[in-house]
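Visitor: using only what follows, build the 3D model:
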Amino acid sequence: MIGWLIALISGALMSIQGVFNTEVTKQTSIWVANGWVQLTAFLVCLIGWFVTGRPEISGLWQMEQKYMLVGGVMGAGITWTVIQSMEKLGPAKAVMIIVVSQLLIAYLIEVFGVFGVEKVDFQWRKVLGMAFAIAGIILFKWE
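Guide: Numbering: from 1, shown residues only. This is a model prediction of the structure:
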């Protein structure tokens with residue numbers, strides 16, 4: 001149950017953050033807004049690191065799959081794409097497409113077992129669920 005609650009909070013925070021970042025971009029620039037997001041996120045992480053007992057940072061350099069360390073670069077890309085999509089589509093349409101894209105890619109990662117994720121069996125009902133989600137976007141967008 002706690003996983004569901006955390007996921008709901010995550011979705012809400014992502015939507016609100018996207019709106020905030022889009023507004024900051026309108027008054028500054030996309031790279032100023034993106035930099036601010038990454039800087040403030042770093043500061044919050046730094047505070048969290050101090051509060052939770054300061055585990056060793058050197059563990060980063062001991063990662064077997066070094067490519068996994070590009071998450072921060074992806075974070076900057078995520079912030080940029082969310083701002084751009086919300087500005088061009090509006091928050092509701094942008095978030096619907098973002099969520100369906102996340103769901104599709106996450107399912108493909110699970111089905112093919114890439115990036116060290118445990119492989120799951122392909123299920124047509126999940127593809128049908130994805131089709132319903134895409135149909136929902138089309139219905140939502142339909143004017």
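Visitor: got a list of contacts for the helix or strand bottoming out on mean pLDDT in the chain?
Guide: Within the chain, no helix or strand scores below helix 124-141, which has a mean of 91 by mean pLDDT, DSSP states H and E. Residues from elsewhere that reach helix 124-141 (C-beta atoms under 8 Å, 6 or more residues apart in numbering): 92, 93, 96, 97, 99, 100, 103, 104, 107. From N, CA and C alone the C-beta is placed, and that goes for glycine too.
Visitor: buried ones in the host helix or strand of residue 32, by neighbour count?
Guide: Secondary structure from DSSP states H and E places residue 32 in helix 30-51. Residues of helix 30-51 classed as buried by neighbour count (16 or more other C-beta atoms under 10 Å): 30, 33, 34, 37.
Visitor: ok, stretch 96-113 next?
Guide: 96, 97, 98, 107, 110, 111.
Visitor: contact partners for the third one?
Guide: Which is residue 98. 14, 82, 85.
Visitor: restrict those residues to the buried ones and give me that as a ChimeraX selection.
Guide: Filtering the contacts of residue 98 down to the buried ones (16+ other C-beta under 10 Å) takes a single ChimeraX command:
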select :82,85
